[in-house]
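A.B. asks: Need coordinates for the below:
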Amino acid sequence: MGDEGRRRHYGIFYGLQEIPAGTGPLLVIHGNCQAESLRVLVSPHLRTVRIPPVHELTADDLPWLAKLLGRADLVMSQPIRAGYRDLRLGTAEIMELAPNAAPVIMLPVLRWSALHPFQVIVRTPLGDPPGVPYHDLRVLAAAAGSPIPEIPGPEAVRTIRENSITELRARTERHGTVAADDLFVAAGAEACQVINHPGNLVLRGVAERALARCGIRVAVADPGRVLLDSVHAPRLPETLAAQGLPVTPATVRRDWLVAGRAVPDEEIRRVQADWYAAHPEVVAAGLRRHGALLDLLRASGA
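C.D. replies: Okay, the predicted model is just below:
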């Protein structure tokens, strides 16, 4: 999206359009792409403004953010550290710009690995790998010369699921966020498209709980489309079976779906293997970051 297209996309934020009229409170939601999906879900009940995700905000955007927050009645935010990307975008920092807002309502950062036990994110200066912005530990381990089994063992899958629950609960307690771990469990095979793109069932549950903290107790309607729809990862039948989830043509996925286009898993793995060969420092970073998970998968693979 070019600069002009971006300004039109976030037209209210950049002052190209007026803030929606109405008597209800004005809500600003601050965070990543999950935050925008939650904004869509709560917008029938509150006045909202679409703003760029925190990882796209620039120094030039800060005056626009301050102007909007100065008018906000309510703020919801994911936990964001002070000085994020060397900008005053931390949760506590943006609340200083919202003097009229009620105390911030904390939203969880949503991540669920139970359906994709090999999928991880590795942050390096080189950015995301080619094909999709996710790493497959099987490909990364093979690039390191220490392959792991192609099929995850059921014990490993269940451990990874429990670890996801534990991590979500820990974040809820640490940051005082809306709870989400039970929503992922209840959603089963529809819990997420990739590890950090929760499905609509989870997002709706979080939206309902966030609204309840505003004193608005409603059933949040499904928008009629998948909100975080840009990337869908393969789902192995063995992963589903290990958790007692249905193994059907609707729940198993063999290929990726990227921007609506089916992409064979073999293609993604091939281009990423070539990338690892050219950038061994990424392999080393992945081994450091996810060594414990690699050991778990290696030890209990089927």
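
A.B. asks: Which pLDDT does the model give the residue nearest to residue 232 when sequence neighbours are not counted?
C.D. replies: Counting by CB to CB, 6 or more residues apart in numbering, residue 257 is the residue found nearest to residue 232 once chain neighbours are left out, at 3.9 Å. Using the backbone N, CA and C atoms, a C-beta is placed for each residue, glycine as well. Reading off the confidence values, residue 257 has pLDDT 98.

A.B. asks: So residue 257 versus residue 233, what's the distance?
C.D. replies: Per CB to CB, to the nearest Å, residue 257 is found 8 Å from residue 233.

A.B. asks: Between the two, point out the one with more neighbours.
C.D. replies: residue 233 (23 against 16; other CB atoms under 10 Å).

A.B. asks: In this structure the more buried one contacts residue 119, no?
C.D. replies: Yes - between residue 233 and residue 119 a contact is recorded at 6.1 Å, counting by CB atoms under 8 Å.

A.B. asks: Mutual contacts of the two, please.
C.D. replies: 134, 194-195 (CB atoms under 8 Å, 6 or more residues apart in numbering).

A.B. asks: ok, which stretches of the stretch 1-150 of the chain are strands?
C.D. replies: Using DSSP state E, counting those that start in this stretch, the strands found in the stretch 1-150 of the chain span residues 26-30, 47-48, 74-77, 105-106, 119-120, 135-136.

A.B. asks: which residues of the stretch 51-200 of the chain score low on pLDDT?
C.D. replies: For the stretch 51-200 of the chain, applying pLDDT under 70 flags no range at all.

A.B. asks: the helices in it, which residues?
C.D. replies: For the stretch 51-200 of the chain, the helices defined by DSSP state H, counting those that start in this stretch occupy 62-69, 91-95, 137-143, 154-175, 181-187, 200-213.

A.B. asks: Of the ones you listed, give the one that comes closest to residue 263.
C.D. replies: helix 137-143 (14.6 Å; CB to CB).

A.B. asks: re earlier: so the residue nearest to residue 232, which of the three states?
C.D. replies: Assigned by DSSP: H, G, I helix; E, B strand; the rest coil, the conformation of residue 257 is strand.

A.B. asks: That one bridge partners, please.
C.D. replies: residue 232, residue 262 (DSSP bridges).

A.B. asks: Tell me how far it lies from residue 194.
C.D. replies: 10 Å.

A.B. asks: next one: residue 150
C.D. replies: In terms of CB to CB, residue 150 sits 19 Å off from residue 194.

A.B. asks: Contacts only, for residue 91.
C.D. replies: 30, 77-80, 104, 106.

A.B. asks: can you redo those as a markdown table with distance to residue 169 and neighbour count?
C.D. replies: Below are these laid out as a markdown table (distance: CB to CB, whole Å; neighbours: other CB atoms under 10 Å):
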| residue | distance to residue 169 | neighbour count |
| --- | --- | --- |
| 30 | 23 | 26 |
| 77 | 20 | 24 |
| 78 | 16 | 22 |
| 79 | 14 | 17 |
| 80 | 20 | 21 |
| 104 | 20 | 18 |
| 106 | 14 | 21 |
